[in-house]
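> predicted structure and sequence below. I'll ask about it afterward.
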Amino acid sequence: MWALLLLVSLAAVSAEPRNFHGEKVFRVIPQNAEHVELIKSMAQTEGLDFWLPDSAQLVEQGKRADFHADGHVSYEVQALLQQSGMPYEILINDLQDALEKQRDSNIRAVHSYEKYNDLDTINAWSANIAAQNPGLVSRSSIGTSYQGRPIYLLKVGKSGANKKAVFIDCGFHAREWISPAFCQWFVKEAVSAYGVESEFTSLLDNLDIYVLPVLNVDGYVYTWTTNRMWRKTRSANPNSTCIGTDPNRNFNAGWCTAGASTRACDETYCGSAPESEPETKALANFIRANIPAIKGYLTIHSYSQMLLFPYSYSYAVAKDHNELNAVAQGAVNSLTSLYKTKYTYGPGGSTIYLAAGGSDDWAYDAGVKFSYTFELRDTGRYGFALPESQIKPTCEETMLAVKYIASYIKNNAK
């Protein structure tokens, strides 16, 4: 009997979501090669979780790096940084406190565009908005996840023949909650603006806009139930106890070269092969099947306030660089006009860091000319714990950039 009670209590403990009390987020700016090596050494010995860049291997001299340290090593990490003379600051002193404050909306509705919604709520919302707007929105499943969840896609636009299309996806990395929030916001705006606002009406009359609210459905659920900081998919890896692949290192675009890891335990693990994950395979299959129509690909991530375009897997200049850069500049100017939010734009590799296997590079090489990655708010004050009170302004300003790109595609894409 006691053994049974013990097992029940242990199961209850293991089912509790991970607690982040006493865990800190640091920002460092390595000044020399020794500082870079110290950070890489600490990452190995202290088990640091890198927020920006995505791994310690991408840390460079003179560029800021943000990382999260477990409570039991936070003070040791801080002492090592002080001893080294490296400039640093503590962005978040207690991550659990920041995460609790993240849900700062007073809205009590089951679904709201101004709070973070779990996957079941998002799925119910997508079914509902399609049912309520049959002439403008339809829903389908493009595949199932590793754990068997459907991956739903919304098609937004008035029916018509030979229309150009733009594909928007959200929720690649599970902990980037502002990303799915934007996809929901976009659909809301499309539905409410059609027939009322001339630019959006014209866009939806002339373009089909595919919106995938959450790609990494298993990982997203896991951030709600178990570990808020989870990034990868939830697939099992052969010959490893470590779970998951980074879906944005899993595409056949310089696969598993710069900025990606062959180690299953790493956050940037590239997977056993390109498109090894059912989620990335489903997305790639859909784009391949619709490649004649799809002229734009927008993938929404966070954080760092950037608009990136190919290439990220190398420093090579895309053949359409000048046009992609000009469109990015116009989109960023539109975004900044609302709240003066500063965005950086440019090719991924030189603007942020090298990262092979990304979906934007893959889409571009597959023939989708206007391929962009958004890195939404903020620049590190909150990072992945962006408060719900920032959902509305973040989505409002991002809408301006997305509409700019979509309008350009409508008018110029061949």
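Ah, there it is. Fair warning: this is a prediction, and the values are worked out from it, not measured in the lab.
> which helix or which strand is home to D169?
strand 164-170 (DSSP states H and E).
> pull up the pairing partners for that strand, direction included.
strand 207-212 (parallel), strand 294-302 (parallel) (DSSP bridges).
> of all the ones you listed, which one is nearest E89?
E89 lies closest to strand 294-302 among the strands paired with strand 164-170, at 20.1 Å (Cβ to Cβ). Backbone N, C-alpha and C define where each C-beta goes, glycine included.
> can you pull out the helices in the stretch 251-400 of the chain?
Counting by DSSP state H, counting those that start in this stretch, the segments of the stretch 251-400 of the chain that form helices are 278-289, 321-339, 348-351, 359-366, 391-412.
> could you dump these to TSV with mean neighbour count and mean pLDDT?
Formatted as TSV, these follow (neighbours: other Cβ atoms under 10 Å; pLDDT from 0 to 100):
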stretch	mean neighbour count	mean pLDDT
helix 278-289	20	98
helix 321-339	17	98
helix 348-351	20	94
helix 359-366	25	98
helix 391-412	20	98
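> what sits against A236?
Listed by Cβ atoms under 8 Å, 6 or more residues apart in numbering, the contact set of A236 reads Y146, I243.
> will you turn the helices of the stretch 251-400 of the chain into TSV that also has distance to H21?
Compiled in TSV, the helices of the stretch 251-400 of the chain are given as follows (distance: least, Cβ to Cβ, whole Å):
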stretch	distance to H21
helix 278-289	32
helix 321-339	33
helix 348-351	35
helix 359-366	35
helix 391-412	25
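> domains in this structure, as residue ranges please.
When the chain is parsed with automatic domain parsing, its domains come out as 17-102, 119-412.
> could you say which of the ones you listed is packed most deeply?
domain 119-412 (a mean of 20; mean count of other Cβ atoms under 10 Å).
> run the chain-centre distance for it.
Centroid separation between domain 119-412 and its chain, computed with Cα atoms, centre = their mean, to the nearest Å, is 7 Å.
> how long is that domain end to end?
End-to-end distance for domain 119-412: 36 Å, by Cα to Cα, to the nearest Å.
> give the contact list for the closest residue to D365 other than its chain neighbours.
Excluding the flanking residues, the one nearest D365 by Cβ to Cβ, 6 or more residues apart in numbering is A253, at 5.8 Å. Each residue near A253 by Cβ under 8 Å, 6+ apart is listed here: Y313, A356, G357, G358, D361, W362, Y364, D365.
> show the pLDDT at the third one.
Right, the one you point to is G357. For G357, the model assigns a pLDDT of 97.
> what sits against it?
Contacts of G357 (Cβ under 8 Å, 6+ apart): 246, 248-256, 260, 270, 274, 313.
> please apply the same query to the fifth one.
Contacts for D361 (Cβ under 8 Å, 6+ apart) come out as F251, A253, G254, P310, Y311, S312, Y313, G348, S371.
> picking that back up, and R108, which of the domains of the chain is closest to it?
Between these, domain 119-412 lies closest to R108; by Cβ to Cβ that is 12.7 Å.
> ok, now how distant is T262 from Q44?
Between T262 and Q44 the distance is 16 Å, computed by Cβ to Cβ, to the nearest Å.
> whoops, K340 was the one
40 Å.
> next: I151.
Taking Cβ to Cβ, one finds I151 at 35 Å from Q44.
> please apply the same query to D97.
As judged by Cβ to Cβ, D97 and Q44 stand 28 Å apart.
> ok, and the closest non-adjacent residue to the spatially most central residue of the chain?
Closest residue to the average C-alpha location of the chain: H301 at 2.8 Å, with Cα atoms, centre = their mean. Using Cβ to Cβ, 6+ apart and skipping residues adjacent in sequence, the residue nearest H301 is E375, 5.3 Å away.
> per-residue confidence averaged over stretch 106-114?
When pLDDT is averaged over stretch 106-114, the result is 93.
> got a list of what Q305 touches?
Applying Cβ under 8 Å, 6+ apart, the residues near Q305 are T341, K342, Y343, T344, E375, L376, R377, D378, T379.
> not counting sequence-adjacent ones, nearest residue to the first one?
I take that to be T341. In space, T341 is closest to E397, 5.6 Å off (Cβ to Cβ, 6+ apart).
> the one you found and V332, how far apart?
10 Å.
> could you do I29 as well?
24 Å.
> CA atoms of stretch 238-249 as CSV?
Presented in CSV, the C-alpha positions along stretch 238-249 are these (Å, rounded to 0.1, in the frame of the first residue of the first chain):
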residue,chain,number,x,y,z
PRO,A,238,17.5,6.8,-32.1
ASN,A,239,20.3,5.8,-29.7
SER,A,240,19.6,8.8,-27.5
THR,A,241,17.5,9.6,-24.4
CYS,A,242,17.3,13.2,-25.6
ILE,A,243,14.0,14.2,-27.2
GLY,A,244,13.3,16.4,-30.2
THR,A,245,14.7,18.1,-33.2
ASP,A,246,15.0,21.8,-34.0
PRO,A,247,12.4,22.1,-36.8
ASN,A,248,14.2,25.2,-38.2
ARG,A,249,17.4,23.2,-38.7
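> quick one, phi/psi of S159?
When read as degrees, to the nearest 10, the backbone of S159 gives phi -70, psi 140.
> what strand or helix carries the nearest residue to it once chain neighbours are set aside?
Leaving aside its sequence neighbours, S159 sits nearest to G135 (Cβ to Cβ, 6+ apart; 7.6 Å). G135 belongs to no helix or strand when assigned by DSSP H and E.
> isn't G135 right up against K158?
Yes - proximity of G135 to K158 meets the contact threshold set by Cβ atoms under 8 Å, at 7.0 Å.
> let me see the contact set for K188.
Counted by Cβ under 8 Å, 6+ apart, K188 has contacts Y113, I129.
> can we see that at 7 Å?
By Cβ atoms under 7 Å, 6 or more residues apart in numbering, K188 lies in contact with Y113.
> is it fair to say it lies in a helix?
Yes - assessed by DSSP: H, G, I helix; E, B strand; the rest coil, K188 belongs to a helix.
> and I151, what are its phi and psi?
According to degrees, to the nearest 10, I151 has phi -110, psi 100.
> distance check, it against C183.
13 Å.
> and the residue nearest to D365, what pLDDT?
At A253, pLDDT is 98.
> appreciated, that's everything.
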